[in-house]
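Chemist: Any chance you could fold what I've pasted below:
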Amino acid sequence: MESITLSIREIDRLTHLVDQLLLLARFDDSGMLSLRRQELSVLSSVHDVLHRLRADLGAKRIRVDVQDHATQAVVSDPFMVDLILDNVVSNAVKYSPAGATIVIELADVAGGLRCTIADAGIGIRADDLSRIFDPLYRSDALAHKHIGGTGLGLSIVAKACALLGIQLSVDSTLGQGTVFTLLFPAK
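Modeler: The predicted structure is shown next:
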């Protein structure tokens, strides 16, 4: 029975990898992507992602503090926004220790809406920050942590943000955590 469970997990992992590779290929040939821009609530998208991640959050006893100071909706593609938030928030969960708190803050700013996702996880080395959006790149510092991943998620995030006109930045300190900032343009 255990070998069947392991086989199913491995099939799921490989399916996820193939899906990510196909999505990256679609980004490279933008003619294969059709965007559906519509007014959407980033807060609602955040809650959808948190709902899907509830098992992972519960397993690690991670608390998420959502601070909504935004009054405006954005105009963007709901699937792509969901994809971006899912990758960034799931990374925050993956790289945070048990019992940690992740803070997601939404705020109106000049020129749009800012969404920050801050964790108190393992952080990213300064010399790795410039490469974290490269496809298949995984920091050597993570190799000893036995944390799974394909090295494709943040590459997908960067390409989706560029396609949607979302400014993406990251600030991190090794051993103290990481903050991803997404600046959605005003509608």
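
Chemist: Give me the buried stretch members for stretch 125-134, please.
Modeler: By neighbour count with 16 or more other C-beta atoms under 10 Å, stretch 125-134 contains the buried residues Arg125, Asp128, Ile132, Phe133. From N, CA and C alone the C-beta is placed, and that goes for glycine too.

Chemist: burial measure for the nearest residue to Asn91 once chain neighbours are set aside, as a count.
Modeler: Residue nearest to Asn91 in three dimensions, not counting chain neighbours: Gly153, with 6.4 Å by C-beta to C-beta, 6 or more residues apart in numbering. Gly153: 21 surrounding residues under other C-beta atoms under 10 Å.

Chemist: Same check on the one 4 residues further on?
Modeler: When neighbours are counted by other C-beta under 10 Å, Val157 registers 25.

Chemist: if I look at Gly175, how far off is Arg125?
Modeler: 10 Å (C-beta to C-beta, to the nearest Å).

Chemist: what stretches of the chain score poorly on pLDDT?
Modeler: Low-confidence segments of the chain, defined by pLDDT under 70: 1-33, 135-151.

Chemist: which stretches of it form strands?
Modeler: Taking DSSP state E, the strands of the chain run over residues 38-40, 63-69, 74-76, 101-109, 112-118, 167-173, 177-185.

Chemist: Switch those strands over to TSV; also include distance to Tyr95 and mean neighbour count.
Modeler: Below are these laid out as TSV (distance: least, C-beta to C-beta, whole Å; neighbours: other C-beta atoms under 10 Å):
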stretch	distance to Tyr95	mean neighbour count
strand 38-40	27	13
strand 63-69	14	13
strand 74-76	26	20
strand 101-109	10	17
strand 112-118	12	21
strand 167-173	10	15
strand 177-185	7	20
